[in-house]
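Student: Predicted model and sequence follow; I will ask about them next.
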Amino acid sequence: MKLRDALDQDKMLFTAWSTTGSAEMAGELALCPFDAVTVDMQHGAHSESTAFASAKTIAAAKTPAILRIPVGRNDLASRALDMGFEAVIAPMINSVADAEAFGRAMKYPPLGERSWGPIKALQIHTDHTPESYFRSANTQTLALAMIETRAAYEDLDGILATDGIDGIFLGPADLSISWSNGAAVDPKNEELQDVIADIARRARDAGKYAAIFVVDPSDVPGFSAMGYRLAALNTDPGLLHVGAEVMLGKARG
Ligand code: 3PY
Ligand code: MG
């Protein structure tokens with residue numbers, strides 16, 4: 001397992017975002033020069049079987065795999081780790097209680113209540129014995145709590161202080177909806193930039209990682225200066241469209 005080690009180098013890392021319900025496509029993304037691939041079960045088309053098969057195709061490319069679970073599906077958080085994912089992103093963590101439930105599912109006692117059964121994880125992470133996996137899992141696997149509402153921002157320090165939470169993942173689209181009380185979805189909303197910077201600063205002050213979903217890649221240097229160290233960059237259909245436009249633009253002159 002290596003995502004956490006890479007994050008500890010304190011450089012900006014980039015994750016691809018797999019939404020097409022295909023393990024083959026997720027494996028293809030892992031062959032691109034991303035630092036990780038995130039499989040999205042909240043808004044993407046992945047089923048449990050395509051997501052779990054993706055853990056293998058991503059690992060075959062020696063790339064760390066991350067899973068975003070649907071809202072509140074902490075059963076899938078533990079299971080994702082058992083299937084070999086190195087990190088789990090939980091959407092809509094809006095309170096300390098939400099963070100506690102997620103943290104409990106992600107960590108073995110005494111931090112949490114994760115149950116033993118990493119059979120597939122041990123097939124993927126062949127550098128581990130069951131014992132070394134057990135001893136290192138609580139520190140090596142990452143629980144990233146999505147901060148994407150005003151309520152989450154108000155409870156941020158409590159969420160950051162929760163056992164088992166390794167970092168936050170900012171969702172700028174939902175945050176903009178919540179911030180405007182449903183008036184607009186505008187992830188680039190100028191008013192939010194200070195909030196986005198404050199969230200990274202407080203995460204780092206708490207000794208936790210800060211990650212963000214990026215809508216416009218030209219915003220990445222600014223997010224990096226704020227302290228974000230993991231950026232999700234476009235979805236698989238998005239990349240396909242960008243590639244097609246570049247190729248056709250050149251071909252058509
Ligand atoms: C958001 O921006 O709300 C997200 O969840 C990004 O995936
Ligand atoms: Mg969201």
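Tutor: Happy to help now that I have it. Numbering: from 1, shown residues only. Ligands and ions are numbered 1, 2, ... in the order given.
Student: host element of residue 75?
Tutor: Under the criterion of DSSP states H and E, residue 75 resides in helix 74-82.
Student: So what's the residue count around residue 116?
Tutor: 11 (other CB atoms under 10 Å). C-betas here are computed from N, CA, C, even on glycine.
Student: Look at it and tell me its secondary structure.
Tutor: Three-state call for residue 116 (DSSP: H, G, I helix; E, B strand; the rest coil): coil.
Student: And for residue 67?
Tutor: Relying on three-state DSSP, one would call residue 67 strand.
Student: That one is in contact with residue 85, isn't it?
Tutor: Yes - assessed by CB atoms under 8 Å, residue 67 is found in contact with residue 85 at 4.5 Å.
Student: Could you tell me which residues touch both of the two?
Tutor: 39, 55 (CB atoms under 8 Å, 6 or more residues apart in numbering).
Student: beta partners for residue 213?
Tutor: When assigned by DSSP bridges, residue 213 has beta-bridge partners residue 232.
Student: if we can go back for a sec, put the alpha carbons of the helix holding residue 75 into CSV.
Tutor: This file holds the C-alpha atoms of helix 74-82, laid out as CSV (Å, rounded to 0.1, in the frame of the first residue of the first chain):
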residue,chain,number,x,y,z
ASN,A,74,-20.3,2.5,5.8
ASP,A,75,-20.7,-1.2,5.2
LEU,A,76,-19.2,-0.6,1.8
ALA,A,77,-16.3,1.4,3.4
SER,A,78,-15.1,-1.7,5.3
ARG,A,79,-15.7,-3.9,2.3
ALA,A,80,-13.8,-1.6,0.0
LEU,A,81,-10.7,-2.0,2.2
ASP,A,82,-11.2,-5.8,2.3
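Student: where does the stretch 51-200 of the chain have low pLDDT?
Tutor: Nowhere does the stretch 51-200 of the chain drop to pLDDT under 70.
Student: thinking again about what came up before, counting neighbours, go ahead and name the busier of residue 67 and residue 85.
Tutor: Set residue 67 next to residue 85 and count neighbours by other CB under 10 Å: residue 85 wins out with 33 against 29.
Student: now the more buried one: how far from ligand 2?
Tutor: Per CB to the ion, to the nearest Å, residue 85 is found 19 Å from ligand 2.
Student: in the sheet, who's paired with the most centrally placed residue in the chain?
Tutor: In the chain, the centroid-proximal residue (CA atoms, centre = their mean) is residue 89; its distance is 4.2 Å. For residue 89, the beta-bridge partners under DSSP bridges are residue 68, residue 144.
Student: tell me which parts of the stretch 151-253 of the chain are close to ligand 1?
Tutor: Applying CB under 6 Å from any ligand atom, one finds that the stretch 151-253 of the chain approaches ligand 1 through 171-174, 187, 213.
Student: repeat that with 8 Å
Tutor: Those residues of the stretch 151-253 of the chain that sit near ligand 1, judged by CB under 8 Å from any ligand atom, are 170-177, 187, 213, 215, 232.
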